[in-house]
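> need a 3D model of the sequence below.
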Amino acid sequence: MAKLYYYYGAMGSSKTANALMTHFNYEEVGQNALLVKPAVDNRFGERVVRSRIGLEHECVFLENLVEMAEEDIKKYDCIIVDEVQFATPAQVDFLSDIVDFMDVPVVAYGLRADFKNKLFPGSERLIAIADVIHEVKTVCWCGRKATCNTRYNEKGVVRSGPQVMLGANDSYVALCRKHFKLGQLSPEDEK
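I've put the predicted structure just below:
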């Protein structure tokens, strides 16, 4: 019986690397897995999923998956979605339809909350309907569990702006809740 899996974590928790490894594991045993991401994520090229450690694989856009015929989707043994926080609630509902009506498991990876600690709409919907929800953990510079995706620039922590601003280590750092609240990006900020 297929399930809808949601793996969430702060930036730097290896969600994308896990998505790519899951895809590889299916391929290694002769299974047919489809790697998917929302079109808004164009940081590494239009149809590429790439992790910070250099793993990468071609993918299709979530928007194209939604338009695929049911018989084409059923050819896959698993659908793996990266950056699912950028999905709309309707797209997440479609992912659940793949599970419920096509009996194909969907494994989705993404951020739970934005740089203001507000849920992304796609993540909120997944939290409400996923069969399995699992946190992919990472740590703050202090050693505590990091749960906050902190946006920063040359002036320090950024507290306002649009919810979606693509970036990586150059614009975001994962912090524990305490250091997020204090705006301390590193041990040097404690002094």
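> Ala108 in helix, strand or coil?
Here Ala108 is recorded as strand under DSSP: H, G, I helix; E, B strand; the rest coil.
> residues contacting it?
Ala108 makes contact with 4-7, 80-81, 84, 87, 92, 95, 126, 130, according to CB atoms under 8 Å, 6 or more residues apart in numbering. Every C-beta, even on glycine, is put in place using the N, C-alpha and C of the backbone.
> what do you get if the cut-off is 10 Å, keeping everything else the same?
The contact partners of Ala108, taken as CB atoms under 10 Å, 6 or more residues apart in numbering, are 4-8, 15, 19, 36, 62, 79-85, 87, 92, 95, 122-123, 126, 130.
> restricted to helices, list the residues you listed.
Judged by DSSP state H, the contacts of Ala108 include 15, 19, 62, 92, 95, 122-123, 126 as members of helices.
> okay if I get those residues as JSON lines plus distance to Ala113, neighbour count and pLDDT?
Shown next, in JSON lines, are these (distance: CB to CB, whole Å; neighbours: other CB atoms under 10 Å; pLDDT from 0 to 100):
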{"residue": "Lys15", "distance to Ala113": "14", "neighbour count": "24", "pLDDT": "88"}
{"residue": "Ala19", "distance to Ala113": "19", "neighbour count": "28", "pLDDT": "91"}
{"residue": "Leu62", "distance to Ala113": "20", "neighbour count": "27", "pLDDT": "88"}
{"residue": "Val92", "distance to Ala113": "16", "neighbour count": "27", "pLDDT": "97"}
{"residue": "Leu95", "distance to Ala113": "20", "neighbour count": "28", "pLDDT": "97"}
{"residue": "Gly122", "distance to Ala113": "12", "neighbour count": "26", "pLDDT": "95"}
{"residue": "Ser123", "distance to Ala113": "7", "neighbour count": "24", "pLDDT": "96"}
{"residue": "Leu126", "distance to Ala113": "12", "neighbour count": "29", "pLDDT": "97"}
